[in-house]
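Trainee: Fold the following and give me the result.
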Amino acid sequence: MKSNITLIGMPGAGKSTIGIILAKNMARGFLDTDILIQINQQHSLQEILDSQGYLALRDIEEKEILKVNMHHHIIATGGSAVYSDAAMTHLAQDSVIVFLDVDFEQIRQRIHNFDTRGIARAEHQTLDDLFEERGRLYRKYADITIDCRTLHQEELALEIARQAKPLMI
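Mentor: As a prediction, this is how the structure comes out:
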């Protein structure tokens with residue numbers, strides 16, 4: 001049995017927003033790994049990307065996630081956490097992994113700052129490329145996939161809790 005819920009998905013999928021609602025509803029702590037990186041690195045994600053590149057950001061992300069050791073939390077990962085098998089295996093030890101599945105058009109509408117949002121990607125990769133590449137990885141690691149197309153944030157949080165509770169302590 002597991003004590004955490006970890007949310008994975010594309011940038012703009014609502015991991016942080018839904019995670020906060022879910023943590024409140026379930027009386028759990030909340031951790032956003034993107035914020036953790038920014039606090040510990042003393043730089044924004046975009047600043048890290050600009051100065052060190054996307055592979056360095058992914059490496060930093062992996063190291064920060066591997067340090068996470070908490071229970072009874074909702075964890076929202078960065079969209080690129082799934083590139084690290086080590087990080088995802090670490091999270092899966094005590095987390096139900098939930099993929100927030102949002103369709104491409106919704107992601108495109110939500111992300112207006114693709115080039116400055118701090119998204120770990122190769123210079124040539126488009127949003128469409130990332131959506132396709134990461135979608136396979138999200139599905140690979142997910143214990144539960146939540147279709148986010150028709151439900152509002154509060155409804156999504158309730159649905160996540162409903163599906164995750166049987167897998168948790």
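Trainee: Just give the strands next to the strand ranked longest in the chain in its sheet, each with its orientation.
Mentor: If each strand of the chain is counted by residues according to DSSP state E, the longest one is strand 95-101. Note on strand 95-101: by DSSP bridges, its sheet partners are strand 4-8 (parallel), strand 144-147 (parallel).
Trainee: With distance to Glu154, mean neighbour count and mean pLDDT as extra columns, can I get the ones you listed in JSON lines?
Mentor: C-beta: built from backbone N, CA, C; applies to glycine. What follows is the strands paired with strand 95-101, written out as JSON lines (distance: least, C-beta to C-beta, whole Å; neighbours: other C-beta atoms under 10 Å; pLDDT from 0 to 100):
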{"stretch": "strand 4-8", "distance to Glu154": "15", "mean neighbour count": "27", "mean pLDDT": "98"}
{"stretch": "strand 144-147", "distance to Glu154": "13", "mean neighbour count": "17", "mean pLDDT": "97"}
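Trainee: Nearest to Asp101, out of those strands?
Mentor: strand 144-147 (5.3 Å; C-beta to C-beta).
Trainee: Just name the shakiest helix or strand of this protein by mean pLDDT.
Mentor: Comparing every helix and strand of the chain by mean pLDDT, DSSP states H and E singles out helix 104-110 as the least confident one, with a mean of 90.
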